[in-house]
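A.B. asks: Below is the sequence, then the predicted model.
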Amino acid sequence: MSENKAEQRKVSASREDNAAYMNKVLPVQESFDVIQRDMLIGGRMSSFYFIDGFTKDEVMLKIMDSMMKVKEEEMPADAAQFTRTCVPYVEVEVLEDYDAVLRGVLSGVTCLFIDGYEGCIAIDCRTYPARSVDEPSKDKSLRGSRDGFVETIVFNTALMRRRIRDPRLVMEMLEVGDSSRTDVAVCYMKDRADQELLHNVISRIRKIKVGDLRMNQQSLAECLFRRKWYNPFPKFKYTERPDTAAACLLEGKVVILVDNSPSAMILPTSIFDIIEEANDYYFPTLTNVYLKFARGLITLMTVFLTPVFLLFMQNIQWLPESFAFVAVKESVHVPLIFQLLMLEIAIDGLRLAAMSTPSMLSTPLSVIAGLVMGEFSVQSGWFNSEVMLYMAFVAVANYTQPNFELGYALKFMRLELLVLTAAFNWIGFIIGCAIIIYSICFNKTLSGRNYLNVKLN
């Protein structure tokens, strides 16, 4: 494919030459879904090329029926005039080089070669297999719309266009990957987006030189901004809700859609944008402020609850008498730090098991896991009941914020804080807090700003 792209050969006026070249490049004989359909149009031999499964059969049947009614004396002089007079369809263009023709055929466009016409007639009557636009399971809203992005980029742009009927909404289509040729749409409001950021994003996407985007959006994110491995905080905000993406567009942000990915990438972003969720847009101001405050407080507790507990248990004399009830009552054979670390891994194991468990077995297995991990783990002498309680809170609290990547970033910060506190007592706790603050304040995003929206050099 790369060799053919480099050639940039022009389409010939001879249908035989065009068909010979297409059959040489495309696996027409080997692949059952790559189809060549020859027919007589206006007394001239013609060849259709299309991918079975990407073409609307009813639409193509009507187009072919209309073309077969064209008489020889009614045939136009060139391909451009033929599209205006003989093709009863809306999305039609004339392609002049084979690279554009091959890209169109492989992406689902029906391409037509007519003997005597120096150009290929591309009829975009494609359709992609797609699921329904149901509400995403991760990012749900108590009020508001119940639709969500799907894996088809055209459907996703339509969901946002339906909400923003403004001519200044621009959706610029780009292409990334020499082999995959993945469609990438950069969406923005022309009068509200940061022009410097927009130019930076588009130029970076155009300069990407990769063979393919194997993991779709994640591969694009890695190509756009190669983050440092030791800073786990996400560089982008993701959402599967078109209403959230539309609201961000109206706020002047840039939304990036990748074909085959059911989520939108939003930038620029900050820590306050990432912890937002769909309900923040649908509730009154007072309720909205309370929900944000509660979510922020719970997020802080997920990071600091178990490290602070470990710090007080190592320095029991610091614990006020009014909070003496939080101290560990029973001694077990396993030190506190190893209990906390084992439960951190066990919780992730349960999460992974839940993702891989068939739905019909999830409830009974959850009950069994809860009994074994809860009651019998304490009775066996491996864990303290206080440790189980605090880790259960941390496991549940991780789901109060919708960003999955941020949840694991906070988990890594908590593990780092636990290890430093166990190794160096209060000095390690202070060092761990300093590392967390540094990771947030100096986490440079694509816009050149950090999580606190401060410009970094």
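C.D. replies: Perfect, thanks for sending it.

A.B. asks: State the three-state secondary structure for residue 204.
C.D. replies: Following DSSP: H, G, I helix; E, B strand; the rest coil, residue 204 is assigned to helix.

A.B. asks: which residues touch the closest residue to it other than its chain neighbours?
C.D. replies: Take residue 204 and drop its neighbours on the chain: the residue closest to it by C-beta to C-beta, 6 or more residues apart in numbering is residue 224, 5.4 Å away. Using the backbone N, CA and C atoms, a C-beta is placed for each residue, glycine as well. When contacts are counted by C-beta atoms under 8 Å, 6 or more residues apart in numbering, residue 224 touches 201, 204-205, 208, 446.

A.B. asks: Give me the domain ranges for this structure.
C.D. replies: 2-123, 153-267, 289-441 (automatic domain parsing).

A.B. asks: wait, which of these is closest to residue 277?
C.D. replies: Of all the domains of the chain, it is domain 289-441 that lies closest to residue 277, at 4.8 Å by C-beta to C-beta.

A.B. asks: tell me how far the closest one is from the chain's mean position?
C.D. replies: Averaging C-alpha positions (C-alpha atoms, centre = their mean, to the nearest Å) puts domain 289-441 29 Å from its chain's average.

A.B. asks: Just the terminal-to-terminal distance for it.
C.D. replies: 24 Å (C-alpha to C-alpha, to the nearest Å).

A.B. asks: Now that domain: average pLDDT?
C.D. replies: In this model, domain 289-441 has a mean pLDDT of 84.

A.B. asks: Which of the three states applies to the residue lying farthest from the centre of the chain?
C.D. replies: For the chain, the largest distance from the centre (C-alpha atoms, centre = their mean) belongs to residue 73, which lies 52.9 Å off. When classified by three-state DSSP, residue 73 comes out as helix.

A.B. asks: Equivalent analysis for residue 396, please.
C.D. replies: helix.

A.B. asks: Which strand or helix spans the residue nearest to residue 420 when sequence neighbours are not counted?
C.D. replies: Closest residue in space to residue 420, ignoring its immediate chain neighbours: residue 428 at 3.5 Å, by C-beta to C-beta, 6+ apart. Using DSSP states H and E, residue 428 sits in helix 404-441.

A.B. asks: Can you mark which positions in that helix are buried?
C.D. replies: The neighbour-count check on helix 404-441 (16 or more other C-beta atoms under 10 Å) flags 405-407, 409-422, 428-429, 431-433, 436, 439-440 as buried.

A.B. asks: Centroid-nearest residue for this protein?
C.D. replies: The chain, centroid-nearest residue using C-alpha atoms, centre = their mean: residue 263 at 3.9 Å.

A.B. asks: And residue 323, how far from residue 309?
C.D. replies: Residue 323 is 11 Å from residue 309, where distance means C-beta to C-beta, to the nearest Å.

A.B. asks: Look at those two and report which has more neighbours.
C.D. replies: residue 309 (22 against 10; other C-beta atoms under 10 Å).

A.B. asks: Surely the more buried one touches residue 390?
C.D. replies: Yes. Using C-beta atoms under 8 Å, residue 309 is in contact with residue 390, at 5.8 Å.

A.B. asks: Relative to the whole chain's centre, how far out is stretch 439-457?
C.D. replies: Counting by C-alpha atoms, centre = their mean, stretch 439-457 comes out at 22 Å from the chain centroid.

A.B. asks: before we move on, the earlier item: I'd say the residue nearest to residue 420 and residue 421 touch.
C.D. replies: Yes. Using C-beta under 8 Å, residue 428 is in contact with residue 421, at 4.9 Å.

A.B. asks: Contact partners for residue 241?
C.D. replies: Applying C-beta under 8 Å, 6+ apart, the residues near residue 241 are 135-136, 139, 141, 145, 148-149, 278.

A.B. asks: hmm, back to that, who are the contact partners of the residue nearest to the centre of the chain?
C.D. replies: 149, 217, 238-240.

A.B. asks: So residue 118, which state does it fall into?
C.D. replies: coil.

A.B. asks: Please shift the residue numbers so they start at 25 in all later answers.
C.D. replies: With 25 as the first residue, the last one maps to residue 142.

A.B. asks: thought it was touching residue 104?
C.D. replies: No. The criterion here is C-beta under 8 Å, and residue 142 misses it with residue 104 at 10.3 Å.

A.B. asks: residues in contact with residue 43?
C.D. replies: Residues in contact with residue 43 (C-beta under 8 Å, 6+ apart) are 60, 62, 71, 137.

A.B. asks: which of the residues you listed are buried?
C.D. replies: 71, 137.

A.B. asks: For the residue lying closest to residue 301 once chain neighbours are set aside, list the residues it contacts.
C.D. replies: Excluding the flanking residues, the one nearest residue 301 by C-beta to C-beta, 6+ apart is residue 426, at 4.8 Å. Taking C-beta under 8 Å, 6+ apart, we find residue 426 in contact with 162-163, 301-302.

A.B. asks: ok, which stretches of this structure are strands?
C.D. replies: 58-65, 68-75, 116-119, 134-138, 144-147, 193-200, 206-213, 261-263, 278-282, 288-291 (DSSP state E).

A.B. asks: so how far is residue 443 from the closest residue in space to residue 323 that isn't next to it in sequence?
C.D. replies: Leaving aside its sequence neighbours, residue 323 sits nearest to residue 425 (C-beta to C-beta, 6+ apart; 5.9 Å). Computed as C-beta to C-beta, the residue 425 to residue 443 distance reads 24 Å.
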